[in-house]
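Peer 1: 3D, please:
(one chain, ligands or ions: 1)
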Amino acid sequence: MSTHPVSARLFTQAQQVTPGGVHSPVRAFGSVPGDPVFFASASGSQATDADGRTYVDLCMSWGPLILGHADPAVVRAVQEAAPKGLSYGACHAGEVALAELIVSAFPSFDQCRFVSSGTEAVMTALRLARGATGRSKVIKFEGGYHGHSDALLVKAGSGLITAADPDSEPSSAGVPAEVAATTLQVPFGDLDAVTRLFERVGHDIAAVILEPMPANNGLLVQTPGFLAGLRALTAEHGALLIFDEVISGFRTGWGGYSAGVTPDLVTLGKVIGGGMPVGAVVGPRATMEHLAPTGPVYQAGTLSGNPVSMAAGHATLSQLADGAVYARLEALGARLQARIEGGRTRSWPQVQRVGSIVWLYLDEGALPTRADTISQTHVTRFNHLHGQLLDAGFYVPPSAYEVLFLSAAHTDAEVDALADAVLSAVAGLD
Ligand SMILES: Cc1ncc(COP(=O)(O)O)c(C=O)c1O
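Peer 2: Reported below is the predicted structural model:
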């Protein structure tokens, strides 16, 4: 007898009408035991499933909900906006207000173009970089996820750096090899590899794109020297440096996580929509005005700048501007980390953390800074941990490679209970 009979029934129904029963593959419990939990409602730090079980949610919709679920001011803003029209497909004051707020957080930038997702924001930034430079190739880093557009679903062959033609093969069916070949991939932190690529094909590199704080393959914190090195190389070779801040933007502090380095463009999503679909590209006027209608780089969207999304985003960012939420999130994150590190009886679980972004690493040794050093032991242990945390009332993302997100709605008591649940779960693991 399932412990989640309603979720189980819904999942059976869903699989009939949807591939794998999910509308985004990472929601499937592909590597962890059990079937997906179907949520019925959520408020603050907690979500209740279709069977009436309530969890402390550490997934938080994969990052947007920095204030927690259904924050009262955000819900009020949505309720006030909706009756005035769900979509205009025309200009309105809400777009201007949110664009002004976002641009004000990036001192080097003047303009913002809204889209409806992070994927779209990155697609737009790369087309803009190609249009502005007249070049075709883009460098990304192994384990960096930048949405599901064709050219970014690529993994590199091992001969990337030394082969006559860098060998980039698609990591998804349906991506033409010709498209994949426009993306060159190197390991995180490997400035030498990037230098060699620029020496060989620098004349054709439009952009280097990375998350300045990579949070899609665990949390692979990079050194400021690496980011500064990329800044110098791209400037020297006339390529754009794009920081994909779909996760980190407005998450670790007001604006971007630049670590002292100023990129040429930033992509945003998640937090800037407060839970509604929004993405954005921000940059200096001279670059941004390559976009249509001022420039030749075409980009468009029926629902871009959607008035309800703009209202939710504005109500969210307005609560972040004074920095108090970030201070609270840092304190919560530090509390969780201290309780886990102070209570463990071995050298793991380790906590890799930047503010409210937390990655539990279930192995000993140095914390990974590149994708290929994440241990299989960690993955195996996490897959056991997941079910135990779910049973204990904590919903964490169903993947060893995903981070946890704290929100301003989480309490000290919840964070303590999570730490205790993690410690008690790992006590039984080899
Ligand atoms: C860094 C980064 N870029 C882009 C995306 C794509 O955003 P979306 O899922 O809104 O299309 C994601 C999604 O997780 C992301 O983490």
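Peer 1: Please work out how many residues are found near whichever residue of the chain sits closest to the ligand.
Peer 2: Nearest to the ligand in the chain, going by Cβ to the nearest ligand atom, is residue 118, at a distance of 2.3 Å. Any C-beta I mention is one placed from the backbone N, CA and C, and that applies to glycine too. For residue 118, the neighbour count with other Cβ atoms under 10 Å is 30.
Peer 1: Just the pLDDT at it, thanks.
Peer 2: In the predicted model, residue 118 carries a pLDDT score of 98.
Peer 1: That one touches residue 270, doesn't it?
Peer 2: Yes - with contact defined as Cβ atoms under 8 Å, residue 118 reaches residue 270; the gap is 6.6 Å.
Peer 1: Give me the common contacts of these two.
Peer 2: Residues touching both residue 118 and residue 270 (Cβ atoms under 8 Å, 6 or more residues apart in numbering) are residue 246.
Peer 1: Where does residue 198 sit, in terms of helix or strand?
Peer 2: Taking DSSP states H and E as the criterion, residue 198 maps to helix 191-201.
Peer 1: Can you show me the helices along this protein?
Peer 2: Applying DSSP state H to the chain gives helices spanning 5-17, 72-81, 93-104, 118-133, 177-180, 191-201, 224-237, 285-288, 307-318, 324-343, 376-391, 412-427.
Peer 1: circling back to that earlier point, list the buried residues for the helix holding residue 198?
Peer 2: Neighbour counts over helix 191-201 (16 or more other Cβ atoms under 10 Å) mark 191, 193-198, 200-201 as buried.
Peer 1: Quick one: those as CSV, columns for distance to the ligand too.
Peer 2: As requested, the buried residues of helix 191-201 are exported to CSV (distance: Cβ to the nearest ligand atom, whole Å):
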residue, distance to the ligand
191, 21
193, 21
194, 19
195, 24
196, 25
197, 21
198, 23
200, 27
201, 24
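Peer 1: Including pLDDT, could these go into JSON lines?
Peer 2: Listed next are these as JSON lines, based on pLDDT from 0 to 100:
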{"residue": "191", "pLDDT": "97"}
{"residue": "193", "pLDDT": "95"}
{"residue": "194", "pLDDT": "97"}
{"residue": "195", "pLDDT": "97"}
{"residue": "196", "pLDDT": "95"}
{"residue": "197", "pLDDT": "95"}
{"residue": "198", "pLDDT": "96"}
{"residue": "200", "pLDDT": "94"}
{"residue": "201", "pLDDT": "94"}
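Peer 1: quick one on the thing from earlier: nearest to residue 296, of the helices of the chain?
Peer 2: Closest of the helices of the chain to residue 296 is helix 118-133, at 6.3 Å (criterion: Cβ to Cβ).
Peer 1: How far off centre is the closest one?
Peer 2: Centroid separation for helix 118-133 versus its chain: 17 Å, with Cα atoms, centre = their mean, to the nearest Å.
Peer 1: Could you list the low-pLDDT ranges of the stretch 151-300 of the chain?
Peer 2: In the predicted model of the stretch 151-300 of the chain, residues 155-169 satisfy pLDDT under 70.
Peer 1: Go again with 90.
Peer 2: Along the stretch 151-300 of the chain, the model assigns pLDDT under 90 to residues 151-181, 224, 258-260.
Peer 1: Spell out which residues of it are next to the ligand.
Peer 2: 211, 216, 244, 246-247, 269 (Cβ under 6 Å from any ligand atom).
Peer 1: got a list of contacts for the helix holding residue 198?
Peer 2: Residues outside helix 191-201 that contact it (Cβ under 8 Å, 6+ apart): 137, 139, 160-161, 166, 184, 186-187, 205, 208, 226, 229-230, 233, 236-237, 239.
Peer 1: tell me the angle of that helix relative to helix 224-237?
Peer 2: Angle of helix 191-201 versus helix 224-237, following axes from the mean of the first three to the mean of the last three Cα atoms, to 10 degrees, is 10 degrees.
Peer 1: Send me helix 191-201 as PDB with only the CA atoms.
Peer 2: What follows is helix 191-201, C-alpha atoms only, in PDB (Å, rounded to 0.1, in the frame of the first residue of the first chain):
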ATOM      1  CA  LEU A 191      42.000  29.000 -17.500                       C
ATOM      2  CA  ASP A 192      44.800  27.400 -19.500                       C
ATOM      3  CA  ALA A 193      42.200  25.400 -21.500                       C
ATOM      4  CA  VAL A 194      40.300  28.600 -22.200                       C
ATOM      5  CA  THR A 195      43.500  30.400 -23.200                       C
ATOM      6  CA  ARG A 196      44.400  27.700 -25.600                       C
ATOM      7  CA  LEU A 197      41.000  27.800 -27.200                       C
ATOM      8  CA  PHE A 198      41.300  31.500 -27.700                       C
ATOM      9  CA  GLU A 199      44.700  31.100 -29.200                       C
ATOM     10  CA  ARG A 200      43.400  28.700 -31.700                       C
ATOM     11  CA  VAL A 201      39.900  30.000 -32.600                       C
END
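Peer 1: Neighbours of the nearest residue to residue 92 once chain neighbours are set aside, how many?
Peer 2: In space, and not counting its chain neighbours, residue 92 is closest to residue 307: 5.7 Å by Cβ to Cβ, 6 or more residues apart in numbering. As a burial measure, residue 307 scores 21 neighbours (other Cβ under 10 Å).
Peer 1: Look up how far residue 80 lies from residue 307.
Peer 2: Separation of residue 307 from residue 80 (Cβ to Cβ, to the nearest Å): 10 Å.
Peer 1: same thing with residue 65?
Peer 2: Distance, residue 65 to residue 80, using Cβ to Cβ: 20 Å.
Peer 1: And residue 21, by the same measure?
Peer 2: Distance, residue 21 to residue 80, using Cβ to Cβ: 35 Å.
Peer 1: One more: residue 2?
Peer 2: 41 Å.
Peer 1: give me every residue that touches the residue nearest to residue 310 when sequence neighbours are not counted.
Peer 2: Distances taken as Cβ to Cβ, 6+ apart place residue 94 nearest to residue 310, at 3.7 Å, with adjacent residues excluded. Contact partners of residue 94, counting by Cβ under 8 Å, 6+ apart, are 81, 305, 307, 310-311, 314.
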